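In: below: sequence and its predicted model.
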Amino acid sequence: MEKKHTIYKIATIGIFGALVFVSNMISIPIPVAIGSVTRIHLGNTFCLLSGLVLGGLNGGLSAGIGSALYDLTNPAYIASAPFTFVFKFLMAFVAGILSHSNKRNGEKFLWNLLGCTLGQITYIVLYIAKSFIEGLLEGSAAMALIPSMLTKLTTSSINAVIAIVISIPLSIIIRKALTKSKLLS
């Protein structure tokens, strides 16, 4: 029986990772002032959904793997794949830990909202800090980086709102279906 549960966990991590990967492709690129690009996309929605449905560790793995694989298939983001894995893992991990702690199992709206919000804030802080440090290492003056950081902050905030608004109700639907089919224990 333990082997069956392990196979289910691996399969659900893979399925949610695939959802994260594909949802990253649904995007609108936004040029940034200093040679970079940022996007409005649905990837964060499925990262949060992974955390809400699968919990911290498994949701984090799904989010990190799916997002890093997307980066590895896109020349514009390939160098960021290791950072993306860590940042997206932490986003879903925070959301999953908060929504599943104290036997809440992702079923309490306010805890899901708090988890998703803090997960998004974690991601945004890490992403903006990384972008700023990269700009400095590439030789840009700190003040010259402010417009591109503001653009990235704006798109990341839009992504965060979209992700939170969609992932919470979607998690309720998916959890019901997985519970009914006895795939979520």
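Out: Right, received. Where do you want to start?
In: helices along this protein, start to end?
Out: 2-25, 43-54, 56-72, 81-100, 109-137, 142-180 (DSSP state H).
In: now, of those, which is deepest in the fold?
Out: Sort these by mean neighbour count, taking mean count of other CB atoms under 10 Å, and helix 43-54 sits at the top with a mean of 30. C-betas here are computed from N, CA, C, even on glycine.
In: now that helix: how far from the chain's centre is it?
Out: 6 Å (CA atoms, centre = their mean, to the nearest Å).
In: so which elements touch it?
Out: Packing contacts for helix 43-54, counted by 3 or more CB pairs under 8 Å, 6 or more residues apart in numbering; DSSP states H and E, involve helix 2-25, helix 56-72, helix 81-100, helix 109-137, helix 142-180.
In: follow-up on the earlier one: weakest of the helices of the chain in terms of mean pLDDT?
Out: If you rank the helices of the chain by mean pLDDT, helix 2-25 sits at the bottom with a mean of 90.
In: if we can go back for a sec, nearest to Val32 among the helices of the chain would be which one?
Out: Across those, Val32 has its closest neighbour in helix 142-180 (4.4 Å, CB to CB).
In: tell me what the closest one is packed against?
Out: Going by 3+ CB pairs under 8 Å, 6+ apart, helix 142-180 lies up against strand 37-41, helix 43-54, helix 109-137.
In: between these, which gets nearest to His5?
Out: Taking the helices and strands packed on helix 142-180 one by one with CB to CB, helix 43-54 is closest: 13.1 Å.
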